[in-house]
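Asker: here's my sequence, what's the structure:
(chains A and B)
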Amino acid sequence: MPNLRHHFTAELEQLRLQVELMAVRVDQNLERMRDVVEGGDSTIVSVALAADDEIDAMNVSLTERCYDLLRREAPVASDLRFIVSVLRVLSELERIGDLALRVIKLAPDHNLIASNPPTYDILRAMADQVIDRYRDALRAWATLDLTVATELATPARSMDVFYERLLAEIMRLDGPDAARVAITIFAAGRALERIGDHATIIGARLRYLLTGDPDHLAAEVR
Amino acid sequence: MVGISVSNDTATDEGQRAMEDSADSGEPEIVAARHPAIKVHTEVRQPETTEDHDEKTFELRNVSVSYGGTVAVRGVSMDIFHKDITALIGPSGCGKTTVIRCLNRMNDLIPTARVEGELLYYGQDIYGPKVDPVQVRKLIGMVFQKPNPFPKSIYDNIAFGPRAIGIKGNMDEIVERALRRAALWDEVKDRLGENAYGMSGGQQQRLCIARCIAVDPDVILMDEPCSALDPISTARIEDLMQELKELYSIVIVTHNMQQAARTADRTAFFTVVSDEDTGSRTGALVEYDRTDRIFSNPSDERTENYVTGRFG
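Answerer: You can find the predicted model right below:
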């Protein structure tokens, strides 16, 4: 007897590819975020805003498609885990996009971001690290790779270290502009740290999708 | 234990249907899961027991059933728990109906049927030489695919069983209690003398459940009880099952995956195994687990492919 439900199977694969496409759009805004941190020009902001609108629209449209599949196909087992995982990953991607935009919008204040070398070094390192981490998430989604997902599901201790050092350096700021500098750097650092957290959640969700182990679901929720 | 063959003296209409489940089945080819990366464990799980819910109503040990030398289902081992709803699912010909018919010796009514292995009911061999099959079927009642009321009044349908086995007591009370438990009393209390054939299909099926309950059974077996019913009547029966499980253990065969997912505490998935050399096909238990596990993360790829609808 041949494999049944070809159409549904094709729709799931199409959904997975569309999520990957949305993730690539988010990746492009993360690259713009890195440019901003590195001192790129402010014109990038409008491009990033337009890209974020597109990301938001994809989020809505793909969420609707998930609801439609749930309604129509009453999926179970790996199909059900896949669709609920897509819903979770979509909202994580959307959040990551928003956080990247938050940093990008600081572009006009780059002089403040770069004004204090110790904090600037930490911010650049954090940006590099979260983008690497996000790309691991993207790769794991594209390949449904359990090893990468499992590595991602473990929060990166180094991000915590960076963030703690950043806060310690912010506390040392002084001078007439200290408050403005502190607020700007803190906003950027906080956004970068949160992006790392969302990449971790994607890894954990992907691990649950691949294993179906209820313990992995519990680990994600924690 | 030693297998038994029984004469067909008491064959009934229902008994004739035993073979239908092994008829006209396609051969299930194992197909790859949709997501190649998404796990499938290889060990066959049996459901975990919990301290407050571990009394075994049935213990099947390596049960095989054959009809006229053709093995219909082979090597089934599973425990069925007290006051659980246990669903048996699987493609046509997988042996699920054969197995459920073993549980109250309904296969005795098939002249060539032979049951091997061990089938214990609260630890007692249900096929033991001193066991009375009629007593077995009183304790373990059955509801069939198509409602099969007797061509009698509603009242007499219910009273028939208690009278036949000599139950004493107020028959009016027995009839009312059975109809109430089957969620039918309010609909029929004013027309108990009318012929049961005048009822709707869903009402007839609840009447059959009431008839089964009237003899005060311990277990209710249901062989696709909703397959001939509309969605509303199906929902009524499913609601009723949830109420009845407070009092009885229920085993249900169903082709409706959602029905198993909605109603059952535990689900057993059977499939057809082909012998390449002889070409013969035999039913086998693939996986038996808590229903939520079967429908969220089955351990066997064949279960996954069946519950997701990828082979039928």
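
Asker: okay, buried residues for the one helix or strand residue A:164 maps to please.
Answerer: Here residue A:164, judged by DSSP states H and E, is contained in helix A:157-171. For helix A:157-171, a neighbour-count test (16 or more other CB atoms under 10 Å in any protein chain shown) marks A:159, A:162, A:163, A:165, A:166, A:167, A:169, A:170 as buried. For the C-beta atoms, the positions are set from N, CA and C on the backbone; glycine is no exception.

Asker: gap between the residue lying closest to residue B:183 once chain neighbours are set aside and chain A?
Answerer: The shortest distance from residue B:183 to any non-neighbouring residue, by CB to CB, 6 or more residues apart in numbering or on different chains, is to residue B:240 (5.1 Å). Using CB to the nearest CB, to the nearest Å, residue B:240 is found at 23 Å from chain A.

Asker: tell me the buried residues in the helix or strand hosting residue B:240?
Answerer: Assigned by DSSP H and E, residue B:240 belongs to helix B:231-244. Buried residues in helix B:231-244, counted by 16+ other CB under 10 Å: B:233, B:234, B:236, B:237, B:238, B:240, B:241, B:244.

Asker: before we move on, what about stretch B:140-159?
Answerer: For stretch B:140-159, by 16+ other CB under 10 Å, it's B:140-149, B:153-159.

Asker: report the rounded mean pLDDT for that stretch.
Answerer: When pLDDT is averaged along stretch B:140-159, the result is 96.

Asker: try stretch B:187-197
Answerer: Mean predicted lDDT for stretch B:187-197 stands at 96.

Asker: can you put the buried residues of helix A:157-171 in JSON lines and add pLDDT?
Answerer: Conversion of the buried residues of helix A:157-171 to JSON lines gives the following (pLDDT from 0 to 100):
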{"residue": "A:159", "pLDDT": "92"}
{"residue": "A:162", "pLDDT": "96"}
{"residue": "A:163", "pLDDT": "96"}
{"residue": "A:165", "pLDDT": "97"}
{"residue": "A:166", "pLDDT": "97"}
{"residue": "A:167", "pLDDT": "96"}
{"residue": "A:169", "pLDDT": "96"}
{"residue": "A:170", "pLDDT": "96"}
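
Asker: between the residues you listed, which is closest to residue B:118?
Answerer: residue A:159 (59.2 Å; CB to CB).

Asker: touching, that closest one and residue A:129? I think so.
Answerer: Yes. Applying CB atoms under 8 Å, one finds residue A:159 in contact with residue A:129, separated by 6.4 Å.

Asker: overlap of the contact sets of these two?
Answerer: Residues touching both residue A:159 and residue A:129 by CB atoms under 8 Å, 6 or more residues apart in numbering or on different chains: residue A:196.

Asker: now chain A, which segments are flagged as low pLDDT?
Answerer: A:1-3, A:219-222 (pLDDT under 70).

Asker: show me what from it comes close to chain B.
Answerer: A:1-5, A:8-9, A:12-13, A:74-82, A:143-146, A:209-214 (CB under 8 Å from any CB of the partner chain).

Asker: out of those, which are buried?
Answerer: Taking 16+ other CB under 10 Å as the criterion, what is buried in the residues of chain A next to chain B is A:5, A:8-9, A:12, A:75-82, A:144-146, A:209-212.

Asker: give me the most central residue, chain A.
Answerer: residue A:96 (3.6 Å; CA atoms, centre = their mean).
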